[in-house]
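1. Need coordinates for the following:
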Amino acid sequence: MRSTRLSWQVVLALLLCLVAAIMLPLTTADAAAPFGSGVVVMIFLLIVAAGVISLLGAPALIAAVVLFVGAHGAAWLLLSGITGNEGTATLSFFLLIAAAWLLAWRCVTVLSTVRPDSAAGNYGLRLLIPAIFGAWILIIWEAAVRGGGVSAILLPPPSAIGATIAGSVPTLWIDLQQTIFKSVLSGYVLGCGSGFLVAILADRIAFLRRGLLPIGNFVSALPIIGVAPIMVMWFGFDWQSKAAVVVIMTFFPMLVNTVAGLAAAGNMERDLMRTYASSYSQTLFKLRLPAAAPFIFNALKINSTLALIGAIVAEFFGTPMSGMGFRISVANGQMNLDLVWAEIAVAAVAGSVFYGVVAVIERMTTFWHPSIRGGQA
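-> Numbers count the residues shown, from 1 in each chain. Coordinates of the predicted model:
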């Protein structure tokens, strides 16, 4: 398969390069200090060469590799040159960053057309595309902050946040243990487990179903900042009070989704089970729970993020001398915003991993469902 010969992203990137060349230099500082003439030529060469090669109709995989090297090589040279010269970037610098981003956009577009022959290649491609997208969010963030001279108090660059993470690993690990391994996991298991069991009872007993679901809507509307102090007063300052908040946040999403999932089995399948004289438990485990599995896993995925948010917010209202919410609150008061962003980054990664683990388990468990098989019969 060959890449499309005409691409508006590449054409626009080349035009931006032309305008940037006219508006040189790249910084308001001494041109020989941040960017030597050889570095400037290399930046233009990477962008122009990658764009032209991709327009010549090269095979899709080769075009994607060339675009990847050109975009990220130019971005690396630009960011390396502006480091230490924050706030001196000219319009030409930002035009070249935009041109490199357009090449990366085209790279992702071309990669989306590649169809690997192996399952491993397909899985790797599915990881590479969002990785490139996420990397460019950080690259643009870094370029905007350093090139524009934005104060680190307002918004630190990703490189500074990464350096803080590397230098604060023991502190971050202690906070991760307190928040994730104690508060989040214990509250998640209790909240989702109890919600699932109560949903089974509510499906069996109409009185519970009619009474609990309206209450669930009411409780779901309660603000966390109102519930968290009460839980701290009831269960103390340690992880138990945060786990209680997580239980409240995860119980009713699991209840509502499971009840809806148990009602998803078709009437024809239920009638067939009745003709076989199946008991309620047999119908439940062999028909209704398998049919409800996508609903249950949707609740588990939603709760994986709700649990982390609930635990962190609850730690603002009282906690031992550790925890992500505690550290964010203290570091913010000390104007140590690099550490605040480091905690946010670790929480985001932990939440993404948690969500990903649940999604993988879902694919392994419900591989037979059309939503997992891509709608194929």
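
2. wouldn't Phe317 be in contact with Gly226 here?
-> No - applying Cβ atoms under 8 Å as the test, Phe317 and Gly226 come out as separate, 10.2 Å apart. Where C-beta positions appear, they are placed from N, C-alpha and C, glycine not excepted.

3. Same drill for these two, tell me which one is more crowded.
-> Phe317 (21 against 8; other Cβ atoms under 10 Å).

4. What average pLDDT does stretch 106-126 get?
-> Looking at stretch 106-126 alone, the average pLDDT works out to 84.

5. now do stretch 310-323
-> In this model, stretch 310-323 has a mean pLDDT of 82.

6. ok, residues contacting that stretch?
-> Contact partners of stretch 310-323, identified using Cβ atoms under 8 Å, 6 or more residues apart in numbering, comprise 174-175, 177-180, 183-184, 187, 224-225, 228-229, 231-232, 237-238, 241-243, 245-246, 248-250, 324-326, 328-329, 347.

7. what's downstream of the helix or strand Val189 falls within, the next helix or strand?
-> With the criterion set as DSSP states H and E, the secondary-structure element containing Val189 is helix 185-204. Towards the C-terminus, the helix or strand next in line after helix 185-204, according to DSSP H and E, is helix 206-220.

8. then the helix or strand just after that next one to CSV, C-alphas only?
-> Following helix 206-220 in sequence order, the next helix or strand is helix 224-235 (DSSP H and E). Extracted as CSV, the C-alpha positions of helix 224-235 are listed here (Å, rounded to 0.1, in the frame of the first residue of the first chain):
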residue,chain,number,x,y,z
ILE,A,224,-17.7,14.7,47.2
ILE,A,225,-16.5,17.7,49.2
GLY,A,226,-19.6,17.3,51.3
VAL,A,227,-19.3,13.6,51.9
ALA,A,228,-15.6,13.4,52.5
PRO,A,229,-15.4,15.4,55.8
ILE,A,230,-18.3,13.3,57.2
MET,A,231,-16.5,10.1,56.4
VAL,A,232,-13.3,11.4,58.0
MET,A,233,-15.3,12.2,61.2
TRP,A,234,-16.8,8.7,61.2
PHE,A,235,-13.9,6.5,60.2
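
9. Poorly predicted segments of the stretch 1-150 of the chain, please.
-> For the stretch 1-150 of the chain, applying pLDDT under 70 flags the ranges 1-5, 29-36.

10. let's see 50
-> Judged by pLDDT under 50, the stretch 1-150 of the chain has its weakly predicted residues at 3-4, 31-32.

11. how about the strands of it, start to end?
-> If DSSP state E, counting those that start in this stretch is used as the criterion, the stretch 1-150 of the chain turns out to lack strands entirely.

12. where exactly do the helices run in the stretch 1-150 of the chain?
-> Assigned by DSSP state H, counting those that start in this stretch, the stretch 1-150 of the chain shows helices spanning 8-22, 37-55, 60-82, 91-111, 119-148.

13. Kindly present those helices as JSON lines, with separate columns for mean neighbour count.
-> Rendered in JSON lines, the data for the helices of the stretch 1-150 of the chain read as follows (neighbours: other Cβ atoms under 10 Å):
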{"stretch": "helix 8-22", "mean neighbour count": "18"}
{"stretch": "helix 37-55", "mean neighbour count": "18"}
{"stretch": "helix 60-82", "mean neighbour count": "21"}
{"stretch": "helix 91-111", "mean neighbour count": "23"}
{"stretch": "helix 119-148", "mean neighbour count": "15"}
